[in-house]
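Asker: I would like to see how this sequence folds:
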Amino acid sequence: MMSKQLDKAPEFNLPDENGRKKSLNDYRGKWVVLYFYPKDDTPGCTIEACSLRDVRDDLAEMGAEVIGISKDAQDSHDKFKAKYSLNFSLLSDETGEVIKSYGAWGKKMFGIEGIQRKTFIINPTGYIVKTYGKVTPLGHGERVKNDLKSLMEN
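Answerer: The predicted structure is shown next:
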């Protein structure tokens, strides 16, 4: 049986909501749930962020970190985090370079280009082991938690 070739997760080095630079390398040795979302404090993005917030402690117990990335500025992330008590880092990719490197930029509804709602589970050695395209915000955190559990068991 042939095993599926895993893709190395593209490196990033972006400021978080406090202006501290975070890179994928900082998380080496941990599982990472990296999610891309269109905009802070919009209905779908808030539902998605809160669903990940609600499972974050379970994910942390499994040795996983949650990181959100959008093009929003650091102060927007700071307000969004505070408003919804988000318990994970939000990184600003204002140029969109990292977003594009993960294939999370493209045509959306009505042919408009923008950030696509995508999530990646990255293993402790830095490889993407699961990709969620066109994420449904409601219940996303639970799906990620269950999938991470089974990935860790295999």
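Asker: what separation is there between S70 and A9?
Answerer: Between S70 and A9 the computed distance is 18 Å (C-beta to C-beta, to the nearest Å). C-betas here are computed from N, CA, C, even on glycine.
Asker: should've said M152
Answerer: 17 Å.
Asker: the more surrounded of S70 and A9?
Answerer: For S70 versus A9, the count of surrounding residues by other C-beta atoms under 10 Å is larger for S70: 25 against 21.
Asker: please name the bridge partners of the more buried one.
Answerer: S92 (DSSP bridges).
Asker: near P38, how many other residues are there?
Answerer: 17.
Asker: show me what contacts it?
Answerer: Counting by C-beta atoms under 8 Å, 6 or more residues apart in numbering, P38 makes contact with G44, C45, S70, G114, I115, R117.
Asker: which strands and helices lie in contact with the helix or strand in which D75 is found?
Answerer: Assigned by DSSP states H and E, D75 falls within helix 74-83. Judged by 3 or more C-beta pairs under 8 Å, 6 or more residues apart in numbering; DSSP states H and E, helix 74-83 is in contact with strand 89-92.
Asker: can you name the next helix or strand after the strand it packs on?
Answerer: helix 97-101.
Asker: with just CA atoms, put that next one into PDB.
Answerer: What follows is helix 97-101, C-alpha atoms only, in PDB (Å, rounded to 0.1, in the frame of the first residue of the first chain):
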ATOM      1  CA  GLU A  97       1.900  36.300   1.600                       C
ATOM      2  CA  VAL A  98       1.400  33.500   4.200                       C
ATOM      3  CA  ILE A  99      -2.300  33.200   3.300                       C
ATOM      4  CA  LYS A 100      -1.300  32.600  -0.400                       C
ATOM      5  CA  SER A 101       1.500  30.100   0.600                       C
END
